[in-house]
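>>> Coordinates for the following, if possible.
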Amino acid sequence: MIVSGLLTSVSINFALCSIFFILYSVLRKQPGNYKVYAPRLLAEGRAERPSRFKIFRLLPTAGWIWNAWQPSEDDLLAYSGLDAVVFMRIIIFSLKVFSIAGFIGIFVLIPVNCSGNQLQNIDLINISNNSLEIFSISNVNNGSDSLWIHVGAVYLLTIIVCYLLFTEYRYIASKRIDYFCSLEPQPNQFTILVSNIPVPKGSTVGQSVEKFFTENHPNTYLSHVVVHRKSKMWTVTNAAKKIYRRIMNSIKSANEPQFMHYGHLEANVKKDHSREEVRAAFVSFKSRYGAAVAVHMLQANNPTQWLTEPAPEPQDVYWPFFSSTFMGRWISRLVVIVGCMLLTIVFLIPVFIVQGLTNLAQLETYFPFLQGILTMSIVSQVITGYLPNLILQVSLKIVPPIMKLLSSAQGYISISEIERSATHKVIWFTVWNVFFANVLSASAFSLIFIFLEFKDIPSKLAVSVPAQASFFIAYVMTLGWTSTSSELFRVVPFIASLITKPFVKNPDDFTVPSFPYHQDIPKILFFGLLGFTYFFLAPLIIPFLLGYFSLAYIIYRNQLLNVYAPKYESGGKFWPVVHDSTIFSLVLMQFIAFGIFTLKKLPHSTSATLPLPILTLLFNEYCRKRFLPIFMAYSTETLLKKDREDRNLPGMARFLGQLDVVYYDPALVPLTYSRSQDALHEPLIPTQLRR
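Okay, the predicted model is just below:
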């Protein structure tokens, strides 16, 4: 891609971002759009509808930026939970790293790169017809002492990133403990899930659970709930929910909330003898410590029986899991692995199309009838600069939902675990299909053989990565700037609201969405990978990355405060994913540095760069030993302290007495509906996500 194509992409994306900002600034103030741009505020009764028309509602304003900037981290923690804070800390961490990297790259490395004359065919007078390689390390002469500046920059960035990673890991780990200690008693803190329960002949699952835990945990065992699953119950429940909505839409009442009990429907559910007990149960204990001891101890001599794991929050339970058997879960995991591999191979098709569009000569060879059109300047600039990334963006939109669907088939018991698994899958899918496939421009089989030749990987990446700098700058603009701005404008929900508005009888009937962590965290981490790999190769990408992270900081804060409501609280468990991904990006940068310094014939470059990945991996291992256990389980010190604090709470006895009803399958709970809350049942125990 030449500079003119990149400039075209920058112009198009900047124009789209401006349009999205202006439209949002106007449309967000229209009362009819509140359920699109402020559904959470509307659901909580904090969005005031103006009584009369005012002209200022038609003028774009930037007051929302201050409203998004103003709340502190503690306010965000209290309002949206620790997961939202961790998400914003990812962006803050990226801003810190690439602000420093940008200063080094722009003011130190780019002048060094431009001072070289390795590329003799650069036309400085008509630079728009050249590639960006003049600003990259490719322009530095082979064997030049100036390359030692790049070596020093790689070392310096590694030290800075490791230091910031350590401080962030320590900070979030302490926040996780503090957040846990600040919460009111939660059902999942006292409950575990037991599966693969052996049931003797003539006995039931409930009797087996009662007998086992009474004998083996006599001092801490409290109660249990056996899991029942049957698709017929879900059908009845969903039908009841639809009936309720239709009736409530026709009812107009005053301020008093009205309750409707479907007694006959409830009776039908309870009399459905076709339901089956699943050999799994939610077992509750009298203390958090008792639950922790049970979940981390081997319960039986046969390790495949009485399997225990921490229970998720009641609203976080993924009930379809319980319809699968132990063998079914094992087979489904194999199927998911094969499915991910097939999706990765199939997705290489749009990647190859993208690569063909960036190479006009190759495109003219395959389609000679386009030669006349491709010679037009504006057409060639749009095709090489903007169209490839647009195709890639549209193709990538389907990946997170597919990965979430595949993760849901793996047997996870909670929505939060499904989304974390999907986050892993999307990250590595993006790294493989967007980075390696575009950089190496190879077929699927060629890519496999390239990675089998491990010793040649650094040299192959050293040759290929700098050549794709222009493509990835345009990628940051399209999938970074424009995509994030479209998140602010909420294109799809806005269009959907326009289409469905004439058919909606009750304008107050809407759903508050939850934040798609599995979709946005991989995007941020992949941009971080691009920043690390191009930091010393082509630093010109870093200002574009800083622009993206700045936009993301304001826009995502606005969305977390106004649009999204937390569906679950994992206690910051996404951060270990971020840490591991950042370490991978650092090691990849170091491998590429090893390869390019070798190709540049820099004396002693091998001995200079070889210690870097070793030291980085040792640092990673230390962090795993020091901080990762905090994200896996809470310490005895923390649990006992919290148990002692809550022992004398006035409502603690009532709380413990109601633990046996919180984890009922929603299909078995009496169908009590409230006009003020669209839910199948009103939980007896508050399961707050916020303080």
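>>> Tell me who's in contact with Ser483.
Applying C-beta atoms under 8 Å, 6 or more residues apart in numbering to Ser483 gives the contacts 393, 523. Every residue, glycine included, has its C-beta placed from N, CA and C.
>>> State the three-state secondary structure for the residue in the chain sticking out farthest from the centre.
Farthest-out residue of the chain from its mean C-alpha position, per C-alpha atoms, centre = their mean: Gly202, at 46.9 Å. When classified by DSSP: H, G, I helix; E, B strand; the rest coil, Gly202 comes out as coil.
>>> So what's the gap between the lengthiest helix in the chain and the chain middle?
Scanning the chain for the helix with the most residues, using DSSP state H, yields helix 147-182. Here the centre of helix 147-182 is set off from its chain's centre by 20 Å, with C-alpha atoms, centre = their mean, to the nearest Å.
>>> Direction included, what does the next helix-or-strand element following it pair up with?
Toward the C-terminus, helix 147-182 is succeeded by strand 191-195 as the next helix or strand (DSSP states H and E). Strand 191-195 pairs in its sheet with strand 276-285 (antiparallel), strand 307-310 (antiparallel), by DSSP bridges.
>>> Pretty sure Pro198 sits against Leu307.
No - between Pro198 and Leu307 there is no contact under C-beta atoms under 8 Å: 11.1 Å.
>>> residues contacting Thr606?
Here Thr606 is in contact with 594, 597-598 (C-beta under 8 Å, 6+ apart).
>>> which among the residues you listed gets closest to Leu612?
Phe594 (8.1 Å; C-beta to C-beta).
>>> so who does the closest one touch?
For Phe594, the contact set (C-beta under 8 Å, 6+ apart) comprises 458, 605-606, 609-610.
>>> can you check Val476 too?
Counting by C-beta under 8 Å, 6+ apart, Val476 has contacts 527, 530, 541, 544-545, 548.
>>> per-residue pLDDT, the residue nearest to Tyr534 when sequence neighbours are not counted?
Closest residue to Tyr534 apart from its sequence neighbours, by C-beta to C-beta, 6 or more residues apart in numbering: Ile541 at 4.6 Å. Confidence at Ile541, expressed as pLDDT, is 92.
>>> So Ile541 sits against Ala469, correct?
Yes - contact criterion C-beta under 8 Å: Ile541 and Ala469 qualify, at 6.3 Å.
>>> joint contacts of those two?
Common neighbours of Ile541 and Ala469 (C-beta under 8 Å, 6+ apart) are Tyr534.
>>> who's in contact with the one helix or strand Ala68 maps to?
If you go by DSSP H and E, Ala68 is part of helix 63-69. Contacts to helix 63-69, defined as C-beta under 8 Å, 6+ apart, come from residues 24-25, 28, 554-555, 557-558, 561.
>>> In those, which has the lowest confidence score?
Minimum pLDDT across the contacts of helix 63-69 is recorded for Arg28, with 88.
>>> give me every residue that touches it.
37-38, 64.
>>> Recalculate using a threshold of 7 Å.
With contact set as C-beta atoms under 7 Å, 6 or more residues apart in numbering, Arg28 has these partners: 37, 64.
>>> ranges for the strands of the stretch 551-691 of the chain?
672-674 (DSSP state E, counting those that start in this stretch).
>>> low pLDDT regions in it?
666-691 (pLDDT under 70).
>>> can you pull out the helices in it?
For the stretch 551-691 of the chain, applying DSSP state H, counting those that start in this stretch gives helices covering 575-599, 605-609, 611-626, 628-632, 636-646, 652-657, 659-662.
>>> Could you pull out the buried residues of the longest one?
With burial defined by 16 or more other C-beta atoms under 10 Å, the residues of helix 575-599 counted as buried are 575-597.
>>> what's stretch 161-170 in contact with?
Against stretch 161-170 from outside (C-beta under 7 Å, 6+ apart): 89, 93, 96-97, 575, 579, 582, 586, 616, 619, 623, 627.
>>> Could you provide those in CSV, with additional columns for distance to Ala633?
Below are the contacts of stretch 161-170 laid out as CSV (distance: C-beta to C-beta, whole Å):
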residue, distance to Ala633
Arg89, 22
Phe93, 25
Lys96, 30
Val97, 30
Trp575, 15
His579, 18
Thr582, 24
Leu586, 28
Thr616, 27
Phe619, 23
Cys623, 17
Phe627, 13
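>>> Farthest pair within these?
Farthest pair in the contacts of stretch 161-170 (C-beta to C-beta) is Arg89 and Thr616. Separation: 21.0 Å.
>>> Measure how buried Gln299 is and give me the count.
Residues lying near Gln299 (other C-beta atoms under 10 Å) number 18.
>>> That one and Thr191, how far apart?
Per C-beta to C-beta, to the nearest Å, Gln299 is found 15 Å from Thr191.
>>> What is the end-to-end distance of stretch 201-210?
In stretch 201-210, first residue to last residue: 16 Å (C-alpha to C-alpha, to the nearest Å).
>>> Sorry, wrong one. I was asking about stretch 403-412.
One end of stretch 403-412 to the other measures 14 Å (C-alpha to C-alpha).
>>> picking that back up, and the helix holding Ala68, what's buried?
For helix 63-69, the buried set under the neighbour-count rule, 16+ other C-beta under 10 Å, comprises 64, 68.
>>> Following element in sequence after that helix, please.
helix 73-80.
>>> From the contact counts, what lies against that next one?
Applying 3 or more C-beta pairs under 7 Å, 6 or more residues apart in numbering; DSSP states H and E, we find helix 73-80 packed against helix 82-104, helix 541-562.
>>> who does the shortest one touch, helix- and strand-wise?
So that's helix 541-562. helix 63-69, helix 73-80, helix 82-104, helix 469-476, helix 483-489, helix 517-534.
>>> mind redoing it with 6 Å?
If you count contacts as 3 or more C-beta pairs under 6 Å, 6 or more residues apart in numbering; DSSP states H and E, helix 541-562 packs onto helix 63-69, helix 82-104, helix 469-476, helix 483-489, helix 517-534.
>>> neighbours around Trp319, how many?
Count around Trp319 with other C-beta under 10 Å applied: 13.
>>> what's the nearest residue to it if we skip its chain neighbours?
Counting by C-beta to C-beta, 6+ apart, Asp665 is the residue found nearest to Trp319 once chain neighbours are left out, at 6.2 Å.
>>> What is the burial count for that neighbour?
Neighbours of Asp665 using other C-beta under 10 Å come to 20.
>>> That one and Glu276 touch, don't they?
No - using C-beta atoms under 6 Å, Asp665 makes no contact with Glu276, being 11.6 Å away.
>>> So the residue nearest to Trp319 versus Tyr564, what's the distance?
For Asp665, the distance to Tyr564 (C-beta to C-beta) stands at 27 Å.
>>> what's the answer for Leu586, then?
31 Å.
>>> and Ser284, what is it in contact with?
For Ser284, the contacting residues are 190-191, 222-223, 659, by C-beta atoms under 6 Å, 6 or more residues apart in numbering.
>>> switch the cut-off to 7 Å
190-191, 222-224, 659-660.
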